[in-house]
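> sequence and predicted structure are below.
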Amino acid sequence: MGDDGLLTAMRRQLGLGRLLPLGEDGSRGAWLTERAARAALVNAVGVAVPGVRLDTLRLGLAGEPAGHRPADAPPEPPGALPPGPLRVAAEIAAFPSLPLTGLAERVRATLAGVATERLGLPVSLVDLEVTELLAEPPEPAEPPREPPSPPDALGSGGPGAEEVAEAVTAVPGVAGLSAVLDGWLGAVRVEDRHEPPSRLVRLQLAAGGGRPLPELVAEVARVATATAATAGSTARGPILVTLLVTGVTD
């Protein structure tokens, strides 16, 4: 890869933000891009708390990561945050149609509720700072632009990948497959491993329809596991599913 290609890849990955774990112990084997989480939270605040503009919003670990992951947990995506409680840090500009204290509490409650219930993120702390008072209500936030796919987005999927892709996209709430993470060949990748014997399924997808992510990723994992067990060839060990959600829409 030349210097231009390397720079493009770095920008693409930086645009995704952190890869956030769903669940505190990693047993779900699912992660969400910070970019997708941010877009969902910004939209939720815009709907629930008119008069507020979210200027910055970051998600990261609230403290020490979880002490251990289950022995049979799927491998993490490259660069993913380890499982553990998360912290949301946000800066807002507000048109004070309500007392600022009440307005801030509504924003904080919306962020915490959507992050935990809709997205399945183990948020334990929301830090909020009002950095600007507005003279008039802000314009609705524009949806973020989708990042370009990496060059290997259409790479080989491995044994049985087409069957897995077909089964997964039929799950209610799956808006489609995606391929945004460098280093993962394609949206669906199936790989047989020998030490110890196992079959690893790696998925990248976008979620839609308003279905809670914990419920969605659990069904996707079940479907992918059942399909991958016999797709292509019979697996010689347990099926491990690692899932990355790259977008969330209602």
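Arrived safely. Residues are numbered from 1 along each chain as shown.

> hey, what's the residue positioned nearest the centre of the chain bridged with?
For the chain, the residue nearest the mean C-alpha position is residue 32 (1.2 Å; CA atoms, centre = their mean). Taking DSSP bridges as the rule, residue 32 bridges to residue 20, residue 245.

> in what helix or strand does the closest residue to residue 82 other than its chain neighbours lie?
Nearest residue to residue 82, sequence neighbours excluded (CB to CB, 6 or more residues apart in numbering): residue 65, at 3.8 Å. Every C-beta, even on glycine, is put in place using the N, C-alpha and C of the backbone. According to DSSP states H and E, residue 65 maps onto no helix or strand at all.

> tell me how many other residues crowd residue 65.
When neighbours are counted by other CB atoms under 10 Å, residue 65 registers 16.

> ok, the residue lying farthest from the centre of the chain - contacts?
Seen from the C-alpha centroid of the chain, the residue lying at the greatest distance (CA atoms, centre = their mean) is residue 135, 34.9 Å away. The contact partners of residue 135, by CB atoms under 8 Å, 6 or more residues apart in numbering, come to residue 95.

> what do you get if the cut-off is 10 Å, keeping everything else the same?
Listed by CB atoms under 10 Å, 6 or more residues apart in numbering, the contact set of residue 135 reads 95-96.

> how about the helices in this structure?
3-16, 34-48, 100-113, 161-169, 213-228 (DSSP state H).

> make CSV out of those and add distance to residue 189, mean pLDDT and mean neighbour count.
Shown next, in CSV, are those (distance: least, CB to CB, whole Å; pLDDT from 0 to 100; neighbours: other CB atoms under 10 Å):
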stretch, distance to residue 189, mean pLDDT, mean neighbour count
helix 3-16, 18, 51, 13
helix 34-48, 20, 94, 20
helix 100-113, 33, 95, 16
helix 161-169, 7, 94, 19
helix 213-228, 11, 95, 20
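
> among these, which is nearest residue 176?
Judged by CB to CB, the one of the helices of the chain that comes nearest to residue 176 is helix 161-169, at 6.8 Å.

> residues in contact with that closest one: which ones?
For helix 161-169, the surrounding residues in contact (CB under 10 Å, 6+ apart) are 157-158, 174-177, 185-191, 201-203, 205, 219-221, 223-228, 230-232, 241, 243.

> any idea how far the nearest residue to residue 190 once chain neighbours are set aside lies from residue 30?
Leaving aside its sequence neighbours, residue 190 sits nearest to residue 158 (CB to CB, 6+ apart; 3.9 Å). To residue 30, residue 158 is 20 Å away according to CB to CB, to the nearest Å.

> equivalent analysis for residue 205, please.
Distance, residue 205 to residue 30, by CB to CB: 10 Å.

> common neighbours of the two, please.
Common contact partners of residue 205 and residue 30 (CB under 10 Å, 6+ apart): 216-217, 220, 243-245.

> tell me the buried residues within the contacts of helix 161-169.
Applying 16 or more other CB atoms under 10 Å to those, the neighbour count classes 157-158, 174-175, 177, 185-190, 201-203, 205, 220-221, 223-225, 227-228, 231-232, 241, 243 as buried.

> domain assignment for this structure?
Domain segmentation of the chain under automatic domain parsing yields 17-133, 161-248.

> for the ones you listed, give me TSV that also has distance to residue 140.
What follows is those, written out as TSV (distance: least, CB to CB, whole Å):
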stretch	distance to residue 140
domain 17-133	6
domain 161-248	18
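
> among these, which is nearest residue 139?
Closest to residue 139 of the domains of the chain is domain 17-133 (CB to CB; 8.1 Å).

> how long is the closest one from one end to the other?
28 Å (CA to CA, to the nearest Å).

> likewise for stretch 224-233?
End-to-end distance for stretch 224-233: 14 Å, by CA to CA.

> run through who's touching it.
157-168, 171, 188, 190, 192, 199-203, 235, 238-243.
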